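[1] Have a look; sequence and predicted model below, questions after that.
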Amino acid sequence: MGDTLTRLINFADGFTSATAPDVGGTTLESYDILNNTTATLFTVLPAETTSVFANFELTRSTYEQAGSFIAAYGGSWSIQFGNYMGDDLVQDTVVNPQEIRLFFSGNDLRYESGNIGSMGKLKLSITRVTA
Amino acid sequence: MTTLVVQRLNAELSQSFRLSLDTRYNIGAVIPYIYMHNAPAGTFTLSIKSGATVLALGSFTCADIKTALGSANDYAHVFYPVNFETTQLGRGTYTLELTASGYSPTESSYIGWIQQHEDLNNLLDYEPLSDAQNPLAFRLKIWGIP
């Protein structure tokens, strides 16, 4: 368990570089969703990234949702969720214990979880549009 | 061109390994395959642990990596030796843990640990289904073994 942040780095010949190598367009990340917790998943700096496109899979106990969201910066971060399949776990307000809320606080994408009694997992396939 | 599968260090990264022979291994250094992305500030510590007990540890900075490479470049991938006082390990399973202090990673500046395919040095007890499931690569400097 624990957070994993996978990056695909396309490094030119040699072992060092004075300039940043190309980073693969899609990154794979996974986060533990702790029970009854509000915490930060990751931080997006608008100086580096202007838009985030993500597909996700959220599992909590026997519940599972696969879906997507878009986050865009226009002075502040806003997030909009798209189609999904499976259980309706991501909500604007946590009512049932299996639900979570995903929201931005400043530049931090955060989650608020219900008291389901067991840890869940959020897996993300993310594409960041650089500034 | 080389494509690297990198695990970005946030709080910690860990990789287990198993010493199989019924003998005492004199470990002089652990050599993780490190990726440096824009030379972030901070001190990075690699520990050998048995359960929760730290048996040995060594630290390094990005400045140390650049000095070892003889380069002023801020982006690099390298098998970087982390030295510590020689530690004897017996047969068993251990964990390498990479942590940091004074380190605030962003997408433009971070340290990572590179994954490689399973080989004689990086044995797995599961079958990886993709490159993302490969182990975090490292070598051991064992005194007495060439």
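    Okay, I see it. Numbering: from 1, shown residues only, chains lettered A, B, ... in the order given.

[2] Would you confirm that residue B:59 contacts residue B:42?
    No - contact criterion C-beta atoms under 8 Å: residue B:59 and residue B:42 do not qualify, at 10.1 Å. Where you see a C-beta, it was placed from the backbone N, CA and C, and this is true even at glycine.

[3] ok, the two, which is more surrounded?
    residue B:42 (19 against 15; other C-beta atoms under 10 Å in any protein chain shown).

[4] Pull the contacting residues for the residue nearest to the more buried one when sequence neighbours are not counted.
    Excluding the flanking residues, the one nearest residue B:42 by C-beta to C-beta, 6 or more residues apart in numbering or on different chains is residue B:103, at 2.9 Å. Contact analysis of residue B:103 by C-beta atoms under 8 Å, 6 or more residues apart in numbering or on different chains lists B:9, B:40-44, B:111.

[5] any idea which of those residues is the one closest to chain A?
    Using C-beta to the nearest C-beta, residue B:9 comes nearest to chain A of those, at 8.4 Å.

[6] how close does that closest one get to residue B:113?
    7 Å (C-beta to C-beta, to the nearest Å).

[7] intersection of neighbour lists for those two?
    With C-beta under 8 Å, 6+ apart, residue B:9 and residue B:113 have common neighbours residue B:98.

[8] before we move on, back to that, can you classify the residue nearest to residue B:42 as helix, strand or coil?
    coil (DSSP: H, G, I helix; E, B strand; the rest coil).

[9] strand partners of the worst-scoring helix or strand of chain A on mean pLDDT, parallel vs antiparallel please.
    None of the helices or strands of chain A scores lower by mean pLDDT, DSSP states H and E than strand A:22-23, at a mean of 78. Using DSSP bridges, strand A:22-23 pairs in its sheet with strand A:4-11 (antiparallel).

[10] List the buried residues in the strand it pairs with.
    For strand A:4-11, a neighbour-count test (16 or more other C-beta atoms under 10 Å in any protein chain shown) marks A:4-9, A:11 as buried.

[11] Residue B:56 contacts residue B:27, doesn't it?
    Yes - counting by C-beta under 8 Å, residue B:56 sits close enough to residue B:27 to count as a contact (7.1 Å).
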